[in-house]
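Enquirer: Any chance you could fold what I've pasted below:
(chains A and B)
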Amino acid sequence: GQQVMQIPQYQHVQEGEDFTTYCNSSTTLSNIQWYKQRPGGHPVFLIQLVKSGEVKKQKRLTFQFGEAKKNSSLHITATQTTDVGTYFCAVNAGGTSYGKLTFGQGTILTVHP
Amino acid sequence: EAQVTQNPRYLITVTGKKLTVTCSQNMNHEYMSWYRQDPGLGLRQIYYSMNVEVTDKGDVPEGYKVSRKEKRNFPLILESPSPNQTSLYFCASSLYPGAGETQYFGPGTRLLVL
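Expert: Alright, predicted model coming up:
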């Protein structure tokens, strides 16, 4: 099945510092989704990227899809304590298995005030 | 309020005792899916359903069954639970997978199999 590697596994930052998590695939992706899961909570959909080189912003969050559609990143500018949680990328399999969704292992972000 | 509900939220059972975790959505979504979450392994898809009566395997279907007899419900069945199925389970739904539509997750069911 589809495989996606997510790094780093953990990231500790001081409040106000930036944070980036990366997802990499050995195969070309049709799209990539990003989710956030707060401690003790359920995953919450953030965004989907579809186009090569696509860049989307949501306030302090910037999402990028690589030109070759094999990698993606989520960047948070000036982290806040409310950004604490685990960030996951997820990719759909292609063809007739489009409903099959594979998640990266996630990056756990802690923010020290 | 748009939501995905799961029941029970917590369950302790013993090996071999059949159980069902229910999942229901009120958004008229076509797509529903089950995931399990384990420390260090992230979220792994168990089964998904593109529509009523259409289900397919995810990455970890062994030991699980599902059915989709009506659009709003997608129960997860463990016919003979084993300790390695101790996990946190999430149900999710969206209008259509991978089309930019938000996938909504339920609150989770924490299962302990003794």
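Enquirer: Could I get the phi/psi values of the residue located most distally from the centre of chain A?
Expert: What lies farthest from the middle of chain A is A:Thr96; by C-alpha atoms, centre = their mean that is 24.5 Å. Per-residue torsions, A:Thr96: phi -70, psi -10 (degrees, to the nearest 10).
Enquirer: likewise A:Thr79?
Expert: A:Thr79 adopts backbone torsions of phi -60, psi 150, taken as degrees, to the nearest 10.
Enquirer: wait, it sits on A:Thr20?
Expert: No: under the criterion of C-beta atoms under 8 Å, A:Thr79 makes no contact with A:Thr20, lying 10.6 Å away. Where C-beta positions appear, they are placed from N, C-alpha and C, glycine not excepted.
Enquirer: quick one: which of these two has more around it?
Expert: More neighbours surround A:Thr79 than the other of A:Thr79 and A:Thr20, with 21 against 15 (other C-beta atoms under 10 Å in any protein chain shown).
Enquirer: Distance check, the more buried one against A:Gln11.
Expert: Going from A:Thr79 to A:Gln11 by C-beta to C-beta, to the nearest Å gives 9 Å.
Enquirer: For those two, list the residues in contact with both.
Expert: Common contact partners of A:Thr79 and A:Gln11 (C-beta atoms under 8 Å, 6 or more residues apart in numbering or on different chains): A:Phe19, A:Leu109.
Enquirer: Can you name the residues that contact B:Val54?
Expert: So B:Val54 contacts B:Arg68 (C-beta under 8 Å, 6+ apart).
Enquirer: got a pLDDT number for it?
Expert: As predicted, B:Val54 sits at a pLDDT of 91.
Enquirer: Tell me what it is bridged to.
Expert: Counting by DSSP bridges, B:Val54 is bridged to B:Asn51.
Enquirer: Now the most centrally placed residue in chain B: closest residue in space that isn't a chain neighbour?
Expert: What sits nearest the mean C-alpha location of chain B, by C-alpha atoms, centre = their mean, is B:Trp34, with 2.8 Å. If the residues on either side of it in the chain are set aside, B:Trp34 comes closest to B:Ile46, at 4.3 Å by C-beta to C-beta, 6 or more residues apart in numbering or on different chains.
Enquirer: In which helix or strand does the one you found reside?
Expert: In this assignment (DSSP states H and E), B:Ile46 forms part of strand B:42-51.
Enquirer: Which positions in chain B make contact with chain A?
Expert: Residues of chain B lying near chain A by C-beta under 8 Å from any C-beta of the partner chain: B:31, B:33, B:35, B:40-45, B:48-50, B:56, B:58-59, B:90, B:92, B:97-98, B:100, B:102-108.
Enquirer: Just the buried residues from the residues you listed, in ChimeraX please.
Expert: Burial among the residues of chain B next to chain A is assessed by 16 or more other C-beta atoms under 10 Å in any protein chain shown; the matching ChimeraX selection reads:
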select /B:31,33,35,42,43,44,45,48,49,50,56,58,59,90,92,97,98,102,103,104,105,106,108
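Enquirer: what's next to the helix or strand of chain A with the lowest mean pLDDT, contact-wise?
Expert: Lowest by mean pLDDT, DSSP states H and E among the helices and strands of chain A is strand A:101-103, with a mean of 93. For strand A:101-103, the surrounding residues in contact (C-beta under 8 Å, 6+ apart) are A:1-4, A:33, A:35, A:88-93, B:33, B:35, B:42-45, B:48, B:58-59, B:97-98.
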